[in-house]
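[1] Pasting the sequence and the predicted model now:
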Amino acid sequence: MAEPTGRTEPAGAAEQTGTTEPTATTERTGTTQPAGAAEPAKTPQGDGDVRLEYVGAEGRVALLTLDRPAKLNALTPRMTAQLAAHIAEINTGTRARAVVLTGTGRAFCAGSDIRGLDAYATPWEFGNRDDYGDLLRTCRKPVIAAINGHALGGGLELALAADIRIAAASARFAAPEVKLGWIGGSGMSAQLVHSIGPGNAARMVLTGDPVDAATALTWGLVSEVADDDRLLGVATELGEAIAARAPIAAQTAKLNLRAAHSMPLDEAIRLERHLQTICFATGDAAEGRAAFAERRTPDFKER
């Protein structure tokens, strides 16, 4: 049995991987720290890694994999630094047009490694640490969370930071911080209220008890539930569909959807119209109109 990470694991959870590799050729990038970055402190349970690969028929989907299965993919400072570096690469590069985030083993992510939290010298230092949910929200490309197992605490917040969530049938979701003496700190309450409504959000946050994938689908926490062995293929297929769309329009649509969460309706519509005008002036929009007139598939160049 793996040593606990400090999260309460749902009773009776079955072992599963649910992360069958896509059939297309993949290319893996290294996890070297950015130049000049300090090496994060080691943890006694092992550092873990966040792997970046480009997958799909044309390699336009960036696959981010949390790889610390013995600890339910609980994130360490090293993994957070790697996630930041990978997102920077995805944002500045033109290759990836969509992102899939998943985990290895029976968990998607159990949040922070609780044993590492005492390493912070003060609560102020803890509160100002790099937050993986914040980092994922900086990704300009559409992000699909392929939730292959337990999404607990900060792991649930990480899933909520994605634009689309697809769950394996065996996945479980929980906000267990209240059982340990604190609450979530990366948008747990706000994002759950937006996703599943105030009543269901209160039930999760106040009890800390898990919900299964079927309940998550009914509540709107995820948009689809897939068989465990098909999850990654389903998520990658969706990523490829998004990657085939006009990339500037897709990124603008993501920005607009995020803004709509916190804006009054009239302001949201006004912003949307401005963003539509910007997109309409791009070369991709001209290509889309020409392709429609010529009855062919458009060839978008992200310009």
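    Happy to help now that I have it.
[2] got the buried residues for stretch 180-187?
    Residues of stretch 180-187 classed as buried: Gly184, Gly185, Ser186, Gly187 (neighbour count, 16 or more other C-beta atoms under 10 Å). All C-beta spots, glycine's among them, are computed from the backbone N, C-alpha and C.
[3] what's the answer for stretch 117-137, then?
    Buried residues in stretch 117-137 (16+ other C-beta under 10 Å): Asp131, Tyr132, Gly133, Leu135, Leu136, Arg137.
[4] Ok, stretch 56-70 next?
    Per 16+ other C-beta under 10 Å, stretch 56-70 contains these buried residues: Gly56, Gly59, Arg60, Val61, Ala62, Leu63, Leu64, Thr65, Leu66, Asp67, Arg68, Pro69.
[5] what does stretch 171-181 give?
    Ala171, Arg172, Phe173, Ala174, Ala175, Pro176, Glu177.
[6] cool, stretch 240-255 as well?
    Neighbour-count burial for stretch 240-255 [16+ other C-beta under 10 Å]: 240, 242-254.
[7] starting at the chain centroid, how far to it?
    16 Å (C-alpha atoms, centre = their mean, to the nearest Å).
[8] Which residues outside it are in contact with it?
    When contacts are defined by C-beta atoms under 8 Å, 6 or more residues apart in numbering, stretch 240-255 is touched by residues 56-58, 60-61, 94, 96-98, 140-142, 144, 163, 275, 278-279, 282, 284-285, 287-288, 298, 300, 302-303.
[9] Isn't Glu177 up against Met204?
    No. Distance between Glu177 and Met204: 10.6 Å, which falls outside the contact criterion (C-beta atoms under 8 Å).
[10] For the chain, just list every one of the strands.
    Remark: strands assigned in the chain by DSSP state E are 27-29, 49-55, 61-67, 98-103, 107-109, 143-147, 150-152, 164-168, 172-174, 211-212, 224-226.
[11] before we move on, the earlier item: which of the buried residues of stretch 56-70 sits closest to Thr80?
    For these, the minimum distance to Thr80 (C-beta to C-beta) is 10.7 Å, reached by Leu66.
[12] partners of the closest one in the sheet?
    Note on Leu66: beta-bridge partners by DSSP bridges are Val50, Gly103.
[13] Okay, it and Val193: tell me how far apart.
    26 Å (C-beta to C-beta, to the nearest Å).
[14] Find the nearest non-adjacent residue to Ala226, please.
    Leaving aside its sequence neighbours, Ala226 sits nearest to Val234 (C-beta to C-beta, 6 or more residues apart in numbering; 4.5 Å).
[15] ok, now which ones touch the one you found?
    Val234 touches Ala146, Ile166, Glu224, Ala226, counting by C-beta under 8 Å, 6+ apart.
[16] Please report which of those residues has the highest neighbour count.
    Ala146 (31 neighbours; other C-beta atoms under 10 Å).
[17] Let me see the contact set for that residue.
    Thr19, Val100, Leu101, Thr102, Phe108, Ile166, Ala168, Leu231, Leu232, Val234, Ala235.
[18] if we go to 10 Å?
    18-19, 63-65, 100-103, 108, 159, 162, 164-168, 171, 226, 231-236, 238-239 (C-beta atoms under 10 Å, 6 or more residues apart in numbering).
[19] Let's see the pLDDT reported for Ala35.
    Note on Ala35: pLDDT of 36.
[20] shift numbering so it begins at 758
    From this message on, residue numbering opens at 758, which makes the last subject Ala792.
[21] List the buried residues of stretch 969-985.
    Buried, per 16+ other C-beta under 10 Å, within stretch 969-985: Asp969, Ala970, Ala973, Leu974, Trp976, Leu978, Val979, Val982, Ala983, Asp985.
[22] can you redo the residues you listed as TSV with pLDDT and distance to Ile847?
    What follows is those, written out as TSV (pLDDT from 0 to 100; distance: C-beta to C-beta, whole Å):
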residue	pLDDT	distance to Ile847
Asp969	98	31
Ala970	98	27
Ala973	98	26
Leu974	98	28
Trp976	98	30
Leu978	98	25
Val979	98	23
Val982	98	27
Ala983	98	24
Asp985	98	26
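[23] just to revisit the earlier point, how far away is the residue nearest to Ala983 from Thr1039?
    Counting by C-beta to C-beta, the gap from Val991 to Thr1039 is 30 Å.
[24] Count residues in the vicinity of Ile847, would you?
    So Ile847, with other C-beta under 10 Å, has 21 neighbours.
[25] what sits against it?
    Ile847 neighbours (C-beta under 10 Å, 6+ apart): Leu809, Tyr811, Ala819, Leu821, Ala853, Arg854, Ala855, Val856, Cys896, Arg897, Lys898, Val900.
[26] I am finished for the moment; much appreciated.
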